[in-house]
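Novice: here is my input, please return the structure:
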Amino acid sequence: MSPGAQGHLAMLAFSALVAGSFSLGALVANDISPTAFIALRFCCAAVLVGVYAVTSGAVTRKGFAAPWRYIILGGLFAIYFVLMFEGLKTARPVSAAAVFALVPLMAAGFAWVIIRQMLTPRMATALCIGGVGALWVIFRADVSALLAFDVGRGEAIYFVGCLCHAIYIPMVRLLNRGESAVMFTLGTLLAGAGLLLIYGWTDLRATNWAEWPILVWVTLFYTAVFATAFTVVLTQFATLRLPSAKVMAYTYLTPSWVIVWEIMLGNGAPGPLILIGVALTMLALWMLLRDEA
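Specialist: Below is the predicted model of the structure:
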């Protein structure tokens with residue numbers, strides 16, 4: 001299998017796994033402190049990846065060189081996750097997933113600024129179509145709300161987090177010095193966990209862990225194992241094999257996956273007008289993948 005195909009498979013798995021965190025996160029966001037929750041999530045994910053990295057021989061002394069790189073990446077990723085849960089306190093899961101679908105367009109812009117990675121005309125067109133589809137969902141298929149830029153508070157908060165995620169993607173390629181995806185992921189998670197423990201120490205001490213509902217612990221397990229440890233590895237694995245815009249193109253699948261999650265959880269499906277925006281994001285993904293030919 002070619003490196004490009006490996007990258008595409010990694011991001012397909014990424015889109016499926018990350019979608020669950022929107023639906024589960026929305027169910028528990030108002031029961032927890034986002035900072036405390038994400039700090040614990042990063043610590044758990046760092047332990048899991050650390051055990052795998054040590055047993056697989058991926059940890060090297062060279063991998064820990066220039067630790068400032070991990071502080072930058074870990075900080076960007078930590079901000080993204082904290083603001084995601086903060087936004088999910090009021091944003092609907094499908095709407096938040098649509099905000100996430102704006103990341104490819106932003107990542108392409110940052111990739112040009114940071115590493116001078118250029119877009120083909122087809123990729124640029126696809127990203128614009130995907131962005132329009134995402135905005136259609138974010139503004140609830142309401143043209144008047146779009147024209148008035150009447151965006152919800154939760155969506156606005158999460159958008160700031162998505163900016164950090166978009167910067168993170170090209171920064172991985174810029175800062176990687178030949179380390180494996182597992183080694184680079186471990187450094188990122190350790191740095192992110194350390195920053196969150198420092199920043200969120202007050203929230204962590206004030207949290208009554210025994211009073212957390214069982215659903216919060218289920219969400220913590222899912223997000224730490226599948227939506228953090230696995231997805232960080234998958235993202236960094238794919239970023240080293242595909243252009244930044246194509247890596248994040250798979251986020252266009254997220255609203256569709258979230259709809260599946262919402263139906264499975266008994267929350268129903270969005271209206272047909274909302275589905276028009278979802279269809280546009282799917283068209284954007286198809287165009288980006290077709291660009292491979």
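
Novice: how many residues are close by Met1?
Specialist: Other residues within reach of Met1, judged by other C-beta atoms under 10 Å, total 7. Where you see a C-beta, it was placed from the backbone N, CA and C, and this is true even at glycine.

Novice: so what's it closest to, chain neighbours aside?
Specialist: Spatial nearest neighbour of Met1, chain neighbours left out: Leu9 (7.9 Å); criterion: C-beta to C-beta, 6 or more residues apart in numbering.

Novice: now whichever helix or strand the one you found is part of: mean pLDDT?
Specialist: When elements are assigned from DSSP states H and E, Leu9 belongs to helix 3-28. Averaging pLDDT along helix 3-28 yields 85.

Novice: what are the buried residues along that helix?
Specialist: Using 16 or more other C-beta atoms under 10 Å as the test for burial, helix 3-28 gives 7-8, 10-11, 13-28.

Novice: now for this protein, the helix or strand with the poorest mean pLDDT.
Specialist: Within the chain, no helix or strand scores below helix 143-147, which has a mean of 68 by mean pLDDT, DSSP states H and E.

Novice: which stretches of the stretch 101-250 of the chain form helices?
Specialist: In chain order, the stretch 101-250 of the chain shows helices spanning 103-115, 121-138, 143-147, 153-175, 181-199, 201-206, 214-224, 231-239, 244-249, with DSSP state H, counting those that start in this stretch as the criterion.

Novice: let me know the angle separating the first one from helix 153-175.
Specialist: Interaxial angle, helix 103-115 versus helix 153-175 (axes from the mean of the first three to the mean of the last three C-alpha atoms, to 10 degrees): 40 degrees.

Novice: now do helix 103-115: distance to the chain's middle.
Specialist: Centroid separation between helix 103-115 and its chain, computed with C-alpha atoms, centre = their mean, to the nearest Å, is 15 Å.

Novice: for that helix, name the packing helices and strands.
Specialist: Contacts defined by 3 or more C-beta pairs under 8 Å, 6 or more residues apart in numbering; DSSP states H and E place helix 103-115 against helix 121-138, helix 153-175, helix 244-249.
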